[in-house]
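In: Here is my input; please provide its structure:
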Amino acid sequence: MLQTIIDVFNRGGVPVMLGITLTFLASMIIIIERSFRFWVTYDLPNSAGFVIQVQKMVMNNSIENAIRLCKKVDPKLLPFVLAQGLKKANHSPEEVELAVEHAILAVTPKLTKGVGFLSTTANVATLLGLLGTIFGLMHSFAAAAKATGSEKQTLLAEGIAEALTATSFGLGTALLCLFAYGVLAAKQKGLLDDINQHSAKLKELLYTRKNKIESSSAE
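Out: Take a look at the predicted model:
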């Protein structure tokens, strides 16, 4: 196995293949880390059911219990945002909205970090592959100009093999990066949409609750 990898590296040109490999490894680190964060650390699978529980507690004036429920599932992002709004439940609607907006701004960088870099690694892998193609063609042309007979055919074949190996490895890495970027970007958008949707519901709920309390006090 190791010998096969070494042969492929030698065939594709060590400098170019090493550059693509480093790009591939950097991309895989980002993909694995972001996937774990998005699907395990930050995501709340049954967010709708969780929000219903919070709503019931709010309507029963159990704000502290609702906050404790949100803290139990830390570091999920949606409960963190909801907790910041719940802490201002007895304040004005403007203060509630400000607290929620600040919480959303605080969690957004956690979701956007690193994902965009995959588009860069995809471009780098593609360009390195093309660079390997150019090196391979240069070797082929040099062979065509200097060598003769069977040696010329051998050198031409080696140059073409170098070009195709580097190109295929670079394009394969780029395709992986672009696919992962699409999947992670879609998940990132879904998490942000979920946070915005449910935080808007919370603001409306707290506003309704405050109006009821004020109406009861006036009576």
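
In: Quick check: phi and psi at the closest residue to residue 196 other than its chain neighbours.
Out: Nearest non-adjacent residue to residue 196, counting by C-beta to C-beta, 6 or more residues apart in numbering: residue 104, 7.0 Å away. C-beta: built from backbone N, CA, C; applies to glycine. Residue 104 adopts backbone torsions of phi -60, psi -40, taken as degrees, to the nearest 10.

In: so where's the chain shaky on pLDDT?
Out: Flagging of the chain using pLDDT under 70 yields the residue ranges 2-3, 5, 9, 143-145, 147-150, 152, 217-219.

In: Kindly recompute the last result at 80.
Out: Regions of the chain meeting the criterion pLDDT under 80 cover residues 1-14, 139-159, 213-219.

In: Can you name every helix or strand that the lengthiest helix in it contacts?
Out: Looking across the chain with DSSP state H, the single longest helix is helix 149-218. Counting contacts by 3 or more C-beta pairs under 8 Å, 6 or more residues apart in numbering; DSSP states H and E, helix 149-218 packs against helix 2-12, helix 14-36, helix 47-59, helix 77-86, helix 93-112, helix 117-146.

In: hmm, back to that, look up how far residue 179 lies from the residue nearest to residue 196.
Out: Residue 104 sits 29 Å away from residue 179, going by C-beta to C-beta, to the nearest Å.

In: Between those two, which is the more surrounded one?
Out: residue 104 (18 against 13; other C-beta atoms under 10 Å).

In: between the helices and strands packed on helix 149-218, which gets nearest to residue 196?
Out: Counting by C-beta to C-beta, residue 196 lies closest to helix 93-112 out of the helices and strands packed on helix 149-218; the figure is 7.0 Å.
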